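Peer 1: just a sequence and a predicted model for now, questions to come.
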Amino acid sequence: MDGDRQGWRPTLLSGAVFAVCMAGTTLPTPLYGLYQEKFGFSALMVTVVYAVYAFGVIGVLLLAGNASDTVGRRPVLLAGLGFAAASAVCFLCADGMPWLYAGRLLSGLSAGLFTGAATAYVMELAPPGGAARATFVATAANMGGLGCGPLLAGILAQYAPWPLYLSFVVHLGLVAAAALVLLKLPETVRERRPLSTVRPQRPALPPQVRAVFGPAAIAAFVGFALFGVFTSVSPAFLAESLDVHNRAVSGLVVALAFFASTAGQLAVGRVGEERSLPLGCAALLAGLALLAGALFWDLLALVVLSALVGGLGQGLAFRGALSAVAGASPADQRAAVISTLFLVAYTGISLPVIGVGVLEGPLGLEGAGLVFIACMAVLVLAAAGYLLRRPARAAAG
C-alpha cells in the first residue's frame, strides 16, 4: 500500500498544482459587485472584463498550445504559474478598469498554458496501468480548481477582512507553494527543443471529422456559454433579483456548477462515451429550462438546480464531444482538431456573455438571460436532432 501511495504521489502533487492555477481564474467571480461599487462601471463592463479571460486562453491555444511538447512540461507550467501570480498582483493593485482587464488577460494566459500541458503532465506521471485514475485526477483538478476559486473568494469576502485583497494574497501564497512543488517533480518530456522551434497552431478540421465535429462543437459552445453566464452574472442576479447579498452563497452557487461538471465527466465511464454526448445535450437543455424558470419566478432553489443539472450536462457533453472528435481525427492531426474544439468552447465563454451584457441595458438582467437561454436552447436542440438522425443514416449506409 505504501508503495502504491509513493507511486501516485507525483500525480497527486501535479494535480494539486493544476487545481491551484485553475482556482485563480475564477477567484474574482463573487467580487465583481464590489468592483462595480468601487469603480462605478456598468453591468456590460462586468461581462467584458470576464470575457477578456477567454481571449487570453484562445491566444495561447493558437500561438503556443503545443509549447510543452517542445520545451517540456515544467517550464510551460512554471510560466503559467508566473502569469497567475502576475494576475493576482494586478487585482491587488487595481484602482481602475485597466488593472482588471490586465488581471483577467494574464489569468487567461495562465489557463491557456495549463489546460493542455497540465493534463498531459498529470497523466504522464501516473504509474503504469494508471491511465484511467490519472484522467480522474486531471479532470477533478481542472474542474474542481475552477469550482474552488469562487467558493474561496466568496467565503473570505463575506467573513474575513479586506474583501478585495485577501483572496489574491492567499492565492499568491498558494501559487508560490505550487511552484516549489513543481520544481521538485520530474520532467516527462525527454527530447526537448528550444522555444524558438515552437510554431503557431492553425485550426484544423479534416473532412472525416466534420460530421462528428458539428454537434460536438455546438454542445461544447453551449456548455461553456452556460458556465460563462453563471460565472459572470449570477452573483448580480442573486443580489438584485433574489436579495441574496451573501458572497459566500454566490460563490457556492457558481462552484456547484463546476463540481457538477466534474461529476458529469466522471460519469462518462458508466454511461459510455457514445451515449454521453446526447445525454449531456438533454441535461444541458434541462439546465437551461431550470435557469429560465429561476429568472422568470425569481427562485433561488431553481438557480441551484440549474447549476447542478447544467453543470452535469456540461461535463457529460464536453467529455463526450472530446472523445467523439478525438476518435474521428487522424492521428497526425488529432492535437490540432482538439485545439479547434477548445477554440469553439472558449468562444462560447466570451461572445454570448458579452451579448447578455449588451442586452441587459434595454431588457434588464432577467430579459437578457431569457434571450440567451432561448438562443442556447435552439443550438442544443439542433445538435440533439442531428444526433438522433445520425444512427438511422449509419444503419442505412
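Peer 2: All right, it came through fine. The structure presented is a predicted model; accordingly, all values stated were derived computationally and were not measured.
Peer 1: next one: the longest helix that the chain contains to chain centre, how far?
Peer 2: When the chain is scanned for its longest helix (criterion: DSSP state H), the result is helix 334-396. In terms of Cα atoms, centre = their mean, to the nearest Å, the centre of helix 334-396 is set 15 Å apart from its chain centre.
Peer 1: ok, stretch 239-257 next?
Peer 2: Distance, centroid of stretch 239-257 to centroid of chain: 19 Å (Cα atoms, centre = their mean).
Peer 1: go on, stretch 44-58?
Peer 2: Once both centres are worked out by Cα atoms, centre = their mean, stretch 44-58 turns out to sit 13 Å from its chain's centre.
Peer 1: export it to PDB, keeping only CA atoms.
Peer 2: Presented in PDB, the C-alpha positions along stretch 44-58 are these (Å, rounded to 0.1, in the frame of the first residue of the first chain):
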ATOM      1  CA  LEU A  44     -21.800  45.300 -19.500                       C
ATOM      2  CA  MET A  45     -18.300  46.000 -18.300                       C
ATOM      3  CA  VAL A  46     -18.600  43.100 -15.900                       C
ATOM      4  CA  THR A  47     -19.200  40.700 -18.800                       C
ATOM      5  CA  VAL A  48     -16.400  42.300 -20.900                       C
ATOM      6  CA  VAL A  49     -13.900  42.000 -18.000                       C
ATOM      7  CA  TYR A  50     -14.900  38.400 -17.600                       C
ATOM      8  CA  ALA A  51     -14.700  37.700 -21.400                       C
ATOM      9  CA  VAL A  52     -11.100  39.100 -21.700                       C
ATOM     10  CA  TYR A  53     -10.000  35.900 -19.900                       C
ATOM     11  CA  ALA A  54     -11.300  33.800 -22.900                       C
ATOM     12  CA  PHE A  55      -9.300  35.900 -25.300                       C
ATOM     13  CA  GLY A  56      -6.100  35.100 -23.400                       C
ATOM     14  CA  VAL A  57      -6.900  31.400 -23.500                       C
ATOM     15  CA  ILE A  58      -7.600  31.500 -27.200                       C
END
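Peer 1: pull the contacting residues for Phe91.
Peer 2: 27-28, 99-100, 103, 164, 168 (Cβ atoms under 8 Å, 6 or more residues apart in numbering). To be clear about C-beta, it is placed using only N, CA and C from the backbone, and glycine gets the same treatment.
Peer 1: filter these to the buried ones?
Peer 2: Neighbour counting over the contacts of Phe91 (16 or more other Cβ atoms under 10 Å) leaves 27-28, 99-100, 103, 164, 168 as the buried ones.
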